[in-house]
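Asks: fold the following for me, if possible:
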Amino acid sequence: MSVSVKVNPDLQKERDNCTFNVTELTNLIDGGPQKTEERKKREEMVFKEGIHIDEVPSDYLSHKEKYELAVKKACMLFKMMRRLQEEENAGMENYMALLGGNLGSAILGDGSPLTLHYVMFIPTLMGQATVEQQAYWIGRAFNLSIIGTYAQTELGHGTFIRGLETTATYDAATKQFVLHSPTLTAYKWWPGGLAHTANYCVVMAQLYTQGKCHGIHPFIVQLRDEETHMPLPGIKVGEIGAKLGMNGTNNGFLGFDNVRIPREHMLMKNSKVLEDGTYVNAPSSKLTYGTMMFVRVMLVHDVCNYMAKAVTIATRYSAVRRQSQLRPNEPEPQILEYVTQQHKLLIGISSVHAFRLCAAWLWDMYNNVTAELETGDLERLPELHALSCCLKAITTSDAAACVERCRLSCGGHGYMLSSNLPLTYGLVTAACTYEGENTVMLLQTARYLVKAWRTAAHALQPTVSYVGLARTGRRSPPWDNSLQGIISGFHTLAAGKIGLCVSQIEKRQASGMSYEDAWNMTSVQLTAASEAHCRAIILSSYYTETEKMSRGVSAPLRLVLTQLVELYVVYWALQCLGDLLRFTSISERNIEELQNWYEDLLVKLRPNAVGLVDAFDIRDEILRSALGAYDGRAYERLMEEAMKSPLNKEPVNESFHKYLKPFMQGKL
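Replies: Predicted coordinates for the structure are as follows:
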């Protein structure tokens with residue numbers, strides 16, 4: 001990375017003491033030296049355009065100005081990308097880097113009004129439209145001659161899809177669907193780009209034909225005139241207002257007053273409505289939810305980027321910041337010397353690697369299952385659905401906790417918007433509720449786990465095979481304080497929790513409760529069982545994928561990667577001690593060994609903390625942080641950012657003469 005000024009000596013010393021080759025790890029993360037080179041080249045081209053540079057930081061703009069700037073930047077960005085695509089004849093890598101990667105967030109830091117066009121509107125067309133519909137719509141969408149979004153969530157219903165109120169009633173006489181919002185709570189609420197950006201929308205609505213409701217189906221609806229951009233008759237559309245984060249996303253509301261669309265505007269790859277109104281069912285109702293699964297899988301990857309930024313900022317700042325005294329009469333140490341600080345940061349670094357490998361593993365599985373769906377094989381769809389639900393829930397909640405922990409580890413300066421930690425938290429915590437509220441996601445997984453427990457006599461899919469072993473009634477093996485032993489212990493723990501949930505539901509049913517009431521009464525335990533299952537999956541995949549990956553790397557890097565896995569596994573064992581004591585044969589002595597192991601790992605990894613975050617190779621333009629810049633000039637940058645405040649443009653603000661002075665003189 002190029003450095004324009006001298007690096008802070010404390011930060012440079014950290015880099016000098018690193019025991020592994022940072023570039024080797026960067027290449028490993030990117031997928032090889034060529035991928036690193038391509039990424040760097042892409043970043044260089046984008047930042048050379050200067051779209052990311054703001055005369056006034058967007059923090060000081062009004063809500064309306066933030067949106068207008070976001071639209072301007074999004075248009076400039078995609079115009080540039082289109083030019084690069086034509087010049088280089090590149091694939092989709094450039095677009096993906098701008099949508100789900102660090103690069104796009106560097107330019108549109110608080111969200112893009114075009115994101116849903118690419119990550120929801122186009123994927124839905126690809127997954128739900130017929131070949132003929134794709135031929136008509138996808139070209140227009142890719143060229144941005146139309147801008148789309150995806151409207152599912154309503155003011156009164158979110159994750160409970162079946163409860164959506166928007167209706168699409170087929171009129172056989174005119175061969176049209178009539179879309180209608182029967183209540184205020186039926187208004188679509190939240191879609192990005194919906195408010196003032198998109199002119200088309202995929203709308204999820206309850207399909208009625210021949211007097212019968214057939215559940216939720218997707219429809220393409222034109223919202224605005226393609227020339228004037230004015231809302232069409234019967235379309236009630238606007239913005240939902242300011243939020244904790246993502247204020248450039250242009251989230252909107254949408255209501256319908258008997259809006260008519262052609263029959264051909266229902267996406268009919270899976271289910272169909274014939275001209276006479278006859279309904280033709282899809283092979284599986286779950287096929288309609290393909291877009292949501294795609295986004296949940298992508299989310300696991302996205303949270304890695306947020307966490308990598310946060311731990312980079314906090315770790316570099318911790319090397320620069322000196323505070324208090326470890327020993328009397330000695331200089332103030334770097335706060336990275338404090339074991340409590342290492343405890344806050346190093347688990348974040350290991351989590352990035354755990355989630356990144358888990359995301360790649362899940363992505364491969366998603367592609368395999370999607371290919372199977374195309375041939376009519378739906379066998380692994382429930383497993384993928386259950387996995388995408390719990391991994392979405394656990395990774396987003398862990399990421400939000402990680403970013404907040406990083407902010408707190410930077411003390412008061414982490415509270416400054418110029419640290420970029422509050423904005424990062426606003427973005428990552430949003431992921432805990434969009435694309436499925438996390439508790440509901442865990443309960444979705446729990447349904448699959450309960451079913452797996454009850455059908456354990458039959459062949460189980462790989463991720464729940466441990467349930468079958470537990471159902472045989474074998475006693476759990478003696479506790480083994482090794483990595484594989486701990487992971488096995490987590491499988492035992494998860495199986496125990498699932499079994500208890502099933503037992504509780506059955507007991508409650510036996511006492512006269514309905515299944516639904518028994519499920520609700522057991523739901524706290526059910527979410528805990530889903531979390532335990534997910535923890536076991538993440539620990540197992542992190543361990544096995546690192547084992548595979550480490551075979552081709554140098555010995556010093558292999559050692560550090562192994563230490564990170566150990567840290568992650570031991571950390572979660574210590575976090576889940578109550579459950580491990582309940583469901584396994586772990587002893588007090590084992591726990592003491594785990595604690596010592598964990599603290600030793602912190603000591604071993606501490607010299608490599610800065611090297612590990614440097615390996616994420618996040619440019620300053622992407623970090624956008626006064627605290628986390630590569631050169632470590634945290635205090636100088638804080639002051640530089642402070643001087644950009646409009647309040648510092650004049651020595652005396654007019655409010656002094658209008659209010660303060662008269663008040664102080666008793667004249668107000």
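Asks: secondary structure class for Lys6?
Replies: coil (DSSP: H, G, I helix; E, B strand; the rest coil).
Asks: report pLDDT for the residue found closest to it once you drop the neighbours it is linked to in the chain.
Replies: Nearest non-adjacent residue to Lys6, counting by Cβ to Cβ, 6 or more residues apart in numbering: Asp631, 7.3 Å away. Where you see a C-beta, it was placed from the backbone N, CA and C, and this is true even at glycine. Looking at Asp631, its pLDDT reads 96.
Asks: can you give me the neighbour number for Asp631?
Replies: Residues lying near Asp631 (other Cβ atoms under 10 Å) number 19.
Asks: surely Thr26 touches Lys35?
Replies: No. Thr26 sits out of contact with Lys35 when judged by Cβ atoms under 8 Å, with a separation of 9.8 Å.
Asks: of the two, give the one with the bigger neighbour count.
Replies: Thr26 (18 against 14).
Asks: still on that earlier bit, that's a strand at the residue nearest to Lys6, yeah?
Replies: No. Assigned with three-state DSSP, Asp631 falls outside any strand and is coil.
Asks: roughly how far does it sit from Trp361?
Replies: Using Cβ to Cβ, to the nearest Å, Asp631 is found at 36 Å from Trp361.
Asks: so where do the strands sit in the stretch 151-300 of the chain?
Replies: For the stretch 151-300 of the chain, the strands defined by DSSP state E, counting those that start in this stretch occupy 167-171, 176-180, 188-189, 200-209, 212-222, 235-239, 252-256, 259-262, 272-273, 279-280.
Asks: and the longest one with strand 235-239, angle?
Replies: To tie it back to what came earlier, the one meant is strand 212-222. For strand 212-222 against strand 235-239, the angle by axes from the mean of the first three to the mean of the last three Cα atoms, to 10 degrees is 70 degrees.
Asks: for strand 212-222, what is the distance to the chain centroid?
Replies: Computed by Cα atoms, centre = their mean, to the nearest Å, the chain-centroid distance of strand 212-222 equals 28 Å.
Asks: now do stretch 265-272
Replies: Per Cα atoms, centre = their mean, the centroid offset for stretch 265-272 relative to its chain is 29 Å.
Asks: if we look at it, which residues are touching it?
Replies: 124-125, 127-130, 133, 168, 177, 202, 207, 214, 217-221, 273, 279-283, 287-288 (Cβ atoms under 8 Å, 6 or more residues apart in numbering).
Asks: could you chop the chain up by domain?
Replies: 145-282, 642-668 (automatic domain parsing).
Asks: which one of those domains is the most hemmed in?
Replies: Of all the domains of the chain, domain 145-282 has the most neighbours on average by mean count of other Cβ atoms under 10 Å, namely a mean of 19.
Asks: distance of Leu125 from Leu483?
Replies: Separation of Leu125 from Leu483 (Cβ to Cβ): 44 Å.
Asks: also Ile498?
Replies: To Leu483, Ile498 is 23 Å away according to Cβ to Cβ.
Asks: quick one, which of the two is more surrounded?
Replies: Per other Cβ under 10 Å, whichever of Ile498 and Leu483 has more neighbours is Ile498, with 27 against 19.
Asks: can I assume the more buried one sits in a helix?
Replies: Yes. According to three-state DSSP, Ile498 belongs to a helix.
Asks: quick one: contacts for it?
Replies: 449-450, 452-453, 467, 470, 529, 533.
Asks: one more time with 10 Å
Replies: Residues counted as contacts of Ile498 (Cβ atoms under 10 Å, 6 or more residues apart in numbering) are 446, 449-450, 452-453, 456, 464, 466-467, 470-471, 525-526, 529-530, 532-533.
Asks: residue contacts, the nearest residue to Phe583 once chain neighbours are set aside?
Replies: Computed as Cβ to Cβ, 6+ apart, the closest residue to Phe583 that is not its neighbour in sequence is Gly496, at 3.7 Å. Neighbouring residues of Gly496 by Cβ under 10 Å, 6+ apart: 470, 476, 529, 532, 579, 582-584.
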